[in-house]
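Asks: fold the stuff below for me.
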Amino acid sequence: MKISEVLIRPILTEKANAQQEKLRRYAFKVNRNANKLEIKKAVESFYGVTVTNVNTSVSPGKNKSRFTKAGVISGRKPSYKKAFVTVAEGENIDLYSSI
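Replies: Here you go, the predicted structure:
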């Protein structure tokens, strides 16, 4: 797998921001087939930091439905994989530079 295909996007939520400040842990949405070594290599090459730890989790897809004039519309949200990357002491990733 190419390094550019591993990371999809960073996860920017209140919980993720709190972990960035306290634990130097950053959350990314990653490819389902990527393993921890590929994620570590991709983050180090894209952001130029030293990664000390990588934790992954798979969020399952969920059924969603909504009520409209035409009746109930049912669908399914896709599942995705999250990676929690801890960087070395004294280093950080600036995720807000492109906003």
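Asks: helices of this structure, start to end?
Replies: Along the chain, counting by DSSP state H, helices occupy 14-23, 36-47.
Asks: what's the shortest one packed up against?
Replies: Contact here means 3 or more CB pairs under 8 Å, 6 or more residues apart in numbering; DSSP states H and E; on that basis helix 14-23 packs against strand 25-30. Where you see a C-beta, it was placed from the backbone N, CA and C, and this is true even at glycine.
Asks: same check on the last one?
Replies: Packing partners of helix 36-47 (3+ CB pairs under 8 Å, 6+ apart): strand 7-10, strand 25-30, strand 51-59, strand 80-87.
Asks: so of the helices of the chain, which one's packed in deepest?
Replies: Highest mean neighbour count of these: helix 36-47, a mean of 17 (counted as mean count of other CB atoms under 10 Å).
Asks: residues contacting the spatially most central residue of the chain?
Replies: Compute the mean C-alpha point of the chain, and by CA atoms, centre = their mean the closest residue is Phe28, 1.7 Å away. Each residue near Phe28 by CB atoms under 8 Å, 6 or more residues apart in numbering is listed here: 7-11, 39, 43, 82-83, 85.
Asks: with Val54 instead?
Replies: Shown in contact with Val54 (CB under 8 Å, 6+ apart): 36, 39-40, 83-86.
Asks: go again with 6 Å.
Replies: Taking CB atoms under 6 Å, 6 or more residues apart in numbering, we find Val54 in contact with 36, 39-40, 85.
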